[in-house]
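Engineer: okay, sequence plus prediction incoming.
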Protein chains: 2
Amino acid sequence: MAITDHRSAPRPGGRSARVVDAVHTAVTELIGEATGPDCVTVPAVASRAGVNPTTIYRRWGDLETLLVEVAMSVLSQDAPVPDTGSLERDLQAWTDLLVTDISRPERRAFLRTVVGSMTDERSHCLDKREAQVSRILDRARERGEPDVPTLRDAMDLLLAPLYFRVLFGYDGVAKSDARRMVSRLVACT
Amino acid sequence: MAITDHRSAPRPGGRSARVVDAVHTAVTELIGEATGPDCVTVPAVASRAGVNPTTIYRRWGDLETLLVEVAMSVLSQDAPVPDTGSLERDLQAWTDLLVTDISRPERRAFLRTVVGSMTDERSHCLDKREAQVSRILDRARERGEPDVPTLRDAMDLLLAPLYFRVLFGYDGVAKSDARRMVSRLVACT
């Protein structure tokens, strides 16, 4: 194996990182522009990003995987999980952040596109949200708070109605509704 | 105005009804076949139905309106709203029917396509479901049952978690889960 001068060698992942950036940007732009019957497809993303569609299929496999990756990279810029010392206050602070996020028009459009591209596999696009709630519930259990709800109840009573309202355009999502959902989760499970 | 021999005149709406049939069938077939990056578009539906895309735009305006109409026509073949004389039993019978319906793979695919095609307008694709729940709640109020939940609570605690699980592929939707959601709705609101 030849010894290369690593000052002149390309940075590892340099081109690859540029492709990822261009593809992520293309996805975000296309979703922002899509209206009604248009849709976000691998060829459309490839053309916008200036890469070959096979590059996308080779790296991401399919459109949903790519969309979930973009969703995750947005989420990872989020504020840390609230830690106020009380389960109900933690959940309220967390849902306030969530409602702010998913009420943004570009975020709603994004969520709908992700759902539209899903198959029957369990989607991973809410894994980060699930991990955040899980951490809040675990901390409450560690503090010895009584009657801490299960993760499944938190998904059914908190995430489900918030995402349902956003996806189907019901009533909007006011922070007061979200706080009521939190109180109900803490009181009723 | 000329008097026409109505034995030889085309049935009113004859061609129109054939177009509607062909377009509905095309939508159902395409959604059944769509996998991952493919998507259901007006041109694809038109080509499958053997009509001009402008026919579809003229009659339905956009893809979401067409998808909702197809969804509605499937729903209207449903069994009537249960009427057992008890709110909890009505809701349980109703959710049993709903779970059977939305657990079918072709129905899940359909729902995801509808969500993917939505805009920020309030979607009408669950109007029929909402009317059915509303009728069950109204009947309970008329019988004088105490503490009948509001429609909004029924949407948040029953429809939302059921559709959320189906759309995001969480845990599947067992009838036992649905019954637990009903009990919680009746007990906790």
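Structural biologist: It's in.
Engineer: mind checking pLDDT for the closest residue to chain B within chain A?
Structural biologist: Using C-beta to the nearest C-beta, the single residue of chain A nearest to chain B is A:Gly116, 1.6 Å away. No exception for glycine: its C-beta is placed from N, CA and C like everyone else's. If you check A:Gly116, the pLDDT there is 82.
Engineer: next, count neighbours for the closest residue to it other than its chain neighbours.
Structural biologist: Spatial nearest neighbour of A:Gly116, chain neighbours left out: B:Gly116 (1.6 Å); criterion: C-beta to C-beta, 6 or more residues apart in numbering or on different chains. If you count neighbours by other C-beta atoms under 10 Å in any protein chain shown, B:Gly116 ends up with 25.
Engineer: now swap in A:Ala160 and tell me
Structural biologist: Using other C-beta under 10 Å: A:Ala160 sits among 25 other residues.
Engineer: again with A:Val68
Structural biologist: Here the count is done by other C-beta under 10 Å, and A:Val68 has 20 residues near it.
Engineer: and A:Thr95, how far is that from B:Glu145?
Structural biologist: Separation of A:Thr95 from B:Glu145 (C-beta to C-beta, to the nearest Å): 31 Å.
Engineer: which one of these two has more residues nearby?
Structural biologist: A:Thr95 (23 against 15).
Engineer: show me the contacts for A:Val70.
Structural biologist: Residues near A:Val70 by C-beta atoms under 8 Å, 6 or more residues apart in numbering or on different chains: A:His24, A:Val27, A:Thr28, A:Phe110.
Engineer: redo that, cut-off 7 Å
Structural biologist: Taking C-beta atoms under 7 Å, 6 or more residues apart in numbering or on different chains, we find A:Val70 in contact with A:His24, A:Val27, A:Thr28.
Engineer: contacting residues around the first one?
Structural biologist: This means A:His24. The contact partners of A:His24, by C-beta under 7 Å, 6+ apart, come to A:Val70, A:Ser73.
Engineer: run the last query once more with 10 Å
Structural biologist: Residues near A:His24 by C-beta atoms under 10 Å, 6 or more residues apart in numbering or on different chains: A:Val45, A:Ala49, A:Leu66, A:Glu69, A:Val70, A:Ser73, A:Val74.
Engineer: tabulate these in CSV, adding columns for pLDDT and secondary structure.
Structural biologist: What follows is the contacts of A:His24, written out as CSV (pLDDT from 0 to 100; DSSP: H, G, I helix; E, B strand; the rest coil):
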residue, pLDDT, secondary structure
A:Val45, 90, helix
A:Ala49, 93, helix
A:Leu66, 87, helix
A:Glu69, 82, helix
A:Val70, 83, helix
A:Ser73, 73, helix
A:Val74, 67, helix
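Engineer: in ChimeraX, how would I select just the buried ones from these?
Structural biologist: Those of the contacts of A:His24 that count as buried under 16 or more other C-beta atoms under 10 Å in any protein chain shown are selected in ChimeraX with:
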select /A:45,49,66,69,70,74
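Engineer: secondary structure element holding the residue most central in space within chain A?
Structural biologist: Nearest to the centroid of the C-alpha atoms of chain A, with distances taken as C-alpha atoms, centre = their mean, sits A:Ala71, at 4.2 Å. Element membership for A:Ala71 (DSSP states H and E) is helix A:63-75.
Engineer: so how far is the helix or strand encompassing A:Val27 off the chain centroid?
Structural biologist: Counting by DSSP H and E, the element that carries A:Val27 is helix A:14-33. Here helix A:14-33 is found 16 Å from its chain centre; the criterion is C-alpha atoms, centre = their mean, to the nearest Å.
Engineer: now that helix: buried residues?
Structural biologist: Residues of helix A:14-33 classed as buried under the neighbour-count rule (16+ other C-beta under 10 Å) are A:Val19, A:Val20, A:Ala22, A:Val23, A:His24, A:Ala26, A:Val27, A:Thr28, A:Leu30, A:Ile31.
Engineer: would you put the C-alpha positions of it in PDB?
Structural biologist: C-alpha atoms of helix A:14-33 as PDB (Å, rounded to 0.1, in the frame of the first residue of the first chain):
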ATOM      1  CA  GLY A  14     -15.000  15.400   2.100                       C
ATOM      2  CA  ARG A  15     -16.900  14.600  -1.100                       C
ATOM      3  CA  SER A  16     -19.300  12.400   0.700                       C
ATOM      4  CA  ALA A  17     -20.100  15.100   3.300                       C
ATOM      5  CA  ARG A  18     -20.800  17.500   0.400                       C
ATOM      6  CA  VAL A  19     -23.100  15.000  -1.200                       C
ATOM      7  CA  VAL A  20     -25.000  14.500   2.100                       C
ATOM      8  CA  ASP A  21     -25.300  18.300   2.500                       C
ATOM      9  CA  ALA A  22     -26.600  18.800  -1.000                       C
ATOM     10  CA  VAL A  23     -29.100  16.000  -0.800                       C
ATOM     11  CA  HIS A  24     -30.400  17.100   2.700                       C
ATOM     12  CA  THR A  25     -30.800  20.700   1.400                       C
ATOM     13  CA  ALA A  26     -32.600  19.400  -1.800                       C
ATOM     14  CA  VAL A  27     -35.000  17.400   0.400                       C
ATOM     15  CA  THR A  28     -35.800  20.300   2.600                       C
ATOM     16  CA  GLU A  29     -36.300  22.700  -0.300                       C
ATOM     17  CA  LEU A  30     -38.500  20.300  -2.300                       C
ATOM     18  CA  ILE A  31     -40.700  19.600   0.700                       C
ATOM     19  CA  GLY A  32     -41.100  23.300   1.300                       C
ATOM     20  CA  GLU A  33     -42.100  23.800  -2.300                       C
END
